[in-house]
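Attaching a predicted model along with its sequence, questions to come.
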Amino acid sequence: MDTYTGIKLTPNGLKVLQKRYLRKNEQGVVSETPDDLLRRVAKAIAAADLNYGKSFTDLDALEREFYEMITALDFLPNSPTLMNAGRRLGQLSACFVLPVGDSMESIFEAVKNAAMIHKSGGGTGFSFSSLRPKGDVVGSTKGISSGPVSFMAVFDTATEAVKQGGTRRGANMAILSVDHPDIIDFITCKSNSTKLNNFNISAALTTKFIEAVNSNSEYELINPRGGTGTGKLDAAYVFDLIVKHAWENGEPGIIFIDKMNESNPTPLVGRIDATNPCGEQPLLPFESCNLGSINLSNMAVRRDGGMTVDWDKLKAVTHKAVHFLDNVIDLNKYPLDKIEEMTKSNRKIGLGVMGWADMLIQLEIPYGSEKSLELAEQLMRYIRDEGRAASEGLALLRGTFPNYAGSVYDGNLKLRNATITTIAPTGTLSIIAGCSSGIEPLFAVSYVRTVMEGTKLIEVNPHFERIARERGFYTPELMEEIAHSHCLSDVKSVPADVAALFKTAHDISPEEHIRMQAAFQKYVDNAVSKTVNFRNSATIDDVKKVYMLASQLNCKGVTVYRDGSRDGQVLAVTPSGNAETGSGSRSCTSGSIQTVQAVQAAQSPQSLSNIKIVPKKRPRVIKGTTEATLTGCGNLYVTINEDENGMPFEVFNHIGKAGGCAASQSEAIGRLVSLALRCNISPDEIITQ
């Protein structure tokens, strides 16, 4: 491990910091160490105490407290704070929600504001539910509205053009109410994998809709322009359509919008209609939120010969983290005046956790067991209660949040912050901290994580290696076998109790995933980011059962992913060396996480020798059409032949006179396009290239 004064980093943690977080000079060369970064962050955030009567001597002590907390990797703030605190940009928030009103001016104002946020390093959430439906009359011009999905494409294009502070692509969440007349178009809008790739989408399900699904009845569609009914749909049909598309590619997710508003702390200020891109942070229009996560893997301690939760340390870190995040609100340089006004009026923070799976392993509690669910509730209730105690302490010194009067706390708790707890996915933060992400189970004991536009990081769980050495079954050959098998349940030489302790995402049932999410949600002010992983063989009905269970257990939203259901997933390579697309396999791969063997195959031409994509054979007779068009090099004749299903099968090009460069290049392009078509590559993908 690399040591920089007080911080100990894994090689992967150092790579992430160098790639994304450390300051670079004009030539793009890293110009600060990890220790410099953490000193910069601690110093900048501590400075907010000067606004509340603290002296410079007090400031030095607080800066040391913050520095020691983050260098110990006990707590880390969200990425924009690590990147920008103490620097000129100074934008420290990760989450924003922007309103999209039903006018051209409001729509393009939101596009402009989103671009400014993406440039500064934040992600944006939008509700498109207020836009009139497709085909509705536009009063000012008597024209016809193109509807919410059409305008989402405008936001998507703008996001593609903006690089987030030079570090990452922008991220968006699009939400549409289930009673909007365009809900069917919305549910199916990401069926084509080439569209809206800068958006996550979620359908906002109302309590009335869920009741209609359960009673197998119809529900009413409402035109947001005037609030009048436009007809009815069968609720079960719409719900099944959502489930089917989520089964196919993970989109759309769902949020239970009424449940989110039941825990809205300031209902007199406004209604919650949208969340941040990962769904864990419901926000009012123009609100932002600053997140941070406690590293639970550092909250376990050995006592009396066994491991237990260090409750005293957890309390101390919780109080310091709340103080830190409240300071962030004051130090933040907001991209819009309206965002600064709304954020400082409610002062929402989102303190969450990471390293949950690591803590369970240290305590020898299998993930998903009843004991793990009980501890999840106990732990999150403790963090919520201590977080509120810390916020009450700050309120005594600094005052309650300005919108406190009329809030759900009015006359009860005097808090500095309208919300305190959130559970975020902690993607890159968990790599820096060297722990498991969020409250997710281990994905595999050994795998490759793809981050930051294609950077591949090989990871081996340190707890497994430690236990294997302590128990005497560690061998280099075993580690090699695990890398090829991906799941410990497949490896006979691993003791059964160890295999049970290191259950991975696909060893845990979807119901156990949801019950874990619900256990944490019970004591979280905002929401919980959690992915329910399904094996490729999972059925549509399996997904449906999980959605209904999530509703019954009072979750605020659900995200599912079925292994192999997206085109972008890397091939899963079986122990025999054959490549499969994931159907029926136990590859333990999903989303942006890939197995070691699959990535090694992708990097080594020799290991791909057994992977062959064979074009479909050409029938003796095939039908098509020829179209002529005039170009600068003469007439171009394009013949497109179709297969028996009416799909493009091959392309022939003929341009100008035979023998010229243009003619040969045109013929070559036609041959390559034909080869791609005969290998079942989507015509849309070919057109994009």
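Nice, I can see it. A quick note: this is a predicted structure, and the numbers were derived from the prediction, not measured. Residues are numbered from 1 along each chain as shown.

switch to C-alpha atoms for all contacts and neighbour counts from now on
Will do.

what about the closest residue to L677 other than its chain neighbours, is that helix, strand or coil?
Nearest non-adjacent residue to L677, counting by CA to CA, 6 or more residues apart in numbering: F649, 5.5 Å away. For F649, the assignment made with DSSP: H, G, I helix; E, B strand; the rest coil gives strand.

mind listing the strands for the stretch 401-550 of the chain?
446-451, 455-460, 531-534 (DSSP state E, counting those that start in this stretch).

since we're on the residue nearest to L677, how many residues are nearby?
Using other CA atoms under 10 Å, F649 has 25 other residues around it.

Return the residues in contact with it.
Counting by CA atoms under 8 Å, 6 or more residues apart in numbering, F649 touches I640, N641, E642, D643, S674, L677, R678.

Could you list which of these belong to helices?
Under the assignment DSSP state H, the contacts of F649 contribute S674, L677, R678 to helices.

with the residues you listed in mind, which one is nearest to A171?
Nearest to A171 among these, counting by CA to CA, is L677 at 31.8 Å.

right, and that closest one touches E642 too?
No: contact status for L677 versus E642: not in contact, 10.0 Å apart, counting by CA atoms under 8 Å.

These two: who's more crowded?
L677 (20 against 16).

Y561 falls within a helix, correct?
No: per three-state DSSP, Y561 lies outside any helix segment and is strand.

wait, isn't it in contact with S537?
No: between Y561 and S537 there is no contact under CA under 8 Å: 12.0 Å.

sorry, back to before: shared neighbours of L677 and E642, anything?
With CA under 8 Å, 6+ apart, L677 and E642 have common neighbours P648, F649, E650.

what is the first one paired to in the beta sheet?
In other words, P648. Bridge pairing for P648 (DSSP bridges) gives the partners E642.

That one contacts T625, correct?
No: between P648 and T625 there is no contact under CA under 8 Å: 10.7 Å.

Please name the nearest non-neighbouring residue to the residue most central in space within the chain.
Centroid-nearest residue in the chain, with CA atoms, centre = their mean: C278, separated by 4.3 Å. Using CA to CA, 6+ apart and skipping residues adjacent in sequence, the residue nearest C278 is S529, 6.5 Å away.

repeat for P282
Here the residue nearest P282, using CA to CA, 6+ apart, is T275, at 4.2 Å.

Check A444 too.
T504 (5.5 Å).

tally of neighbours for that neighbour?
So T504, with other CA under 10 Å, has 22 neighbours.

does it have beta-bridge partners, and which?
In beta-bridge terms (that is, DSSP bridges), T504 pairs with L442.

Next up, the contacts around V178.
Contacts of V178 (CA under 8 Å, 6+ apart): A203, A204, L205, T206, F209.

what about the closest residue to the third one other than its chain neighbours, distance to D273?
Spatial nearest neighbour of L205, excluding adjacent residues (CA to CA, 6+ apart): F256 at 5.1 Å. Distance, F256 to D273, by CA to CA, to the nearest Å: 10 Å.

for A114, same thing?
If you go by CA to CA, the gap between A114 and D273 works out to 17 Å.

Check M299 too.
36 Å.

follow-up on the earlier one: quick one: which of the ones in helices among the contacts of F649 is nearest to T81?
For the ones in helices among the contacts of F649, the nearest to T81 is L677 (46.8 Å; CA to CA).
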